[in-house]
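A.B. asks: Quick one: sequence and predicted model below, then my questions.
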Amino acid sequence: MKIIDAHTHLGQWGYPFNVETNADKLIALMNEFNVEKSFCSYIDNMLVEDAVKKYPGRIIGQAWEDPYKGQEAIDDLRYHVKELGFKSMKLHPLINGFLPYDPMVFPLIEEARSLNIPVFMHSGHAPYSLPWQIAQLAEDFPDVRFVMVHMGHGHGIYIQAALDVAKKLPNVYLETSGMPMANKIKEAFDTLGDDRVMYGSDIPFHDPSVELQRMKVAGLTDAQMQKLLYDNAANFC
Ligand SMILES: [Zn+2]
């Protein structure tokens, strides 16, 4: 089965992460695990630009924007989508240190709406990226698709909250990387239908062999696996 990985990165990630990769290593891993395309972001969009040019159609650019940069971030998003073919925006409230519902975020979401691109947002860490906080934003922009990356991450209460939030808000989608409970993937399909959960690895933070194993034991039908590993992310690139 062909796979789309909805969540990868390039570059150096220092303390406290201490992981790194580059485009060639990412492609090698993709080949090993039959991954056709990877959504890819980095704090510095230039690195992703180079990778997209080197591996067109395989590395799908995701523009990382920092709302503290104001108009510069809005212009940068438009440039990457319009001129370079990036397909989505990445927001990281934990790393960039902002609340999802801070009004300074709104102009970026409005720009994503006018560009008709989805917004991928890190989730799972207090005080900046809890599922309920992302819901505050998603509720006010019902015509923008939000992908709650990590679907609550490693904390059982946040994972359940990700499911609860997505159940209430049809514009919220879930991505699986780093979320340890395979049963919650099945539960998400049962609760949300077959179209709103997508596989991601978060390379280089996690290894795809581990991430994919969790997909395999989630108890999904073959048709649901096809949606999880490919079709649902294909709608976002
Ligand atoms: Zn990530």
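C.D. replies: Received the coordinates, thanks. Because the structure is predicted, anything quoted here is derived from the model rather than measured.
A.B. asks: What ranges does the chain have for its strands?
C.D. replies: In the chain, the segments counted as strands under DSSP state E are 3-9, 11-13, 19-21, 35-41, 59-64, 88-91, 119-122, 146-149, 172-175, 197-198.
A.B. asks: Can you redo the ones you listed as a markdown table, where the extra columns are distance to residue 110 and mean neighbour count?
C.D. replies: For glycine as for every other residue, the C-beta is placed from the backbone atoms N, C-alpha and C. Shown next, in a markdown table, are the strands of the chain (distance: least, C-beta to C-beta, whole Å; neighbours: other C-beta atoms under 10 Å):
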| stretch | distance to residue 110 | mean neighbour count |
| --- | --- | --- |
| strand 3-9 | 24 | 27 |
| strand 11-13 | 28 | 17 |
| strand 19-21 | 33 | 15 |
| strand 35-41 | 20 | 24 |
| strand 59-64 | 15 | 26 |
| strand 88-91 | 12 | 26 |
| strand 119-122 | 11 | 25 |
| strand 146-149 | 14 | 29 |
| strand 172-175 | 18 | 27 |
| strand 197-198 | 24 | 30 |
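A.B. asks: Make JSON lines out of those strands and add distance to residue 235.
C.D. replies: Formatted as JSON lines, the entries for these read as follows, by distance: least, C-beta to C-beta, whole Å:
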{"stretch": "strand 3-9", "distance to residue 235": "10"}
{"stretch": "strand 11-13", "distance to residue 235": "27"}
{"stretch": "strand 19-21", "distance to residue 235": "26"}
{"stretch": "strand 35-41", "distance to residue 235": "12"}
{"stretch": "strand 59-64", "distance to residue 235": "13"}
{"stretch": "strand 88-91", "distance to residue 235": "11"}
{"stretch": "strand 119-122", "distance to residue 235": "13"}
{"stretch": "strand 146-149", "distance to residue 235": "11"}
{"stretch": "strand 172-175", "distance to residue 235": "9"}
{"stretch": "strand 197-198", "distance to residue 235": "9"}
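A.B. asks: Nearest approach to residue 204 belongs to which of the ones you listed?
C.D. replies: Nearest to residue 204 among these is strand 19-21; the distance by C-beta to C-beta comes to 4.0 Å.
A.B. asks: what number of residues lie near residue 213?
C.D. replies: Counted with other C-beta atoms under 10 Å, residues neighbouring residue 213 total 12.
A.B. asks: before we move on, the earlier item: can you tell me which of the strands of the chain is nearest to residue 186?
C.D. replies: Proximity to residue 186 (C-beta to C-beta) singles out strand 197-198 among these, at 9.6 Å.
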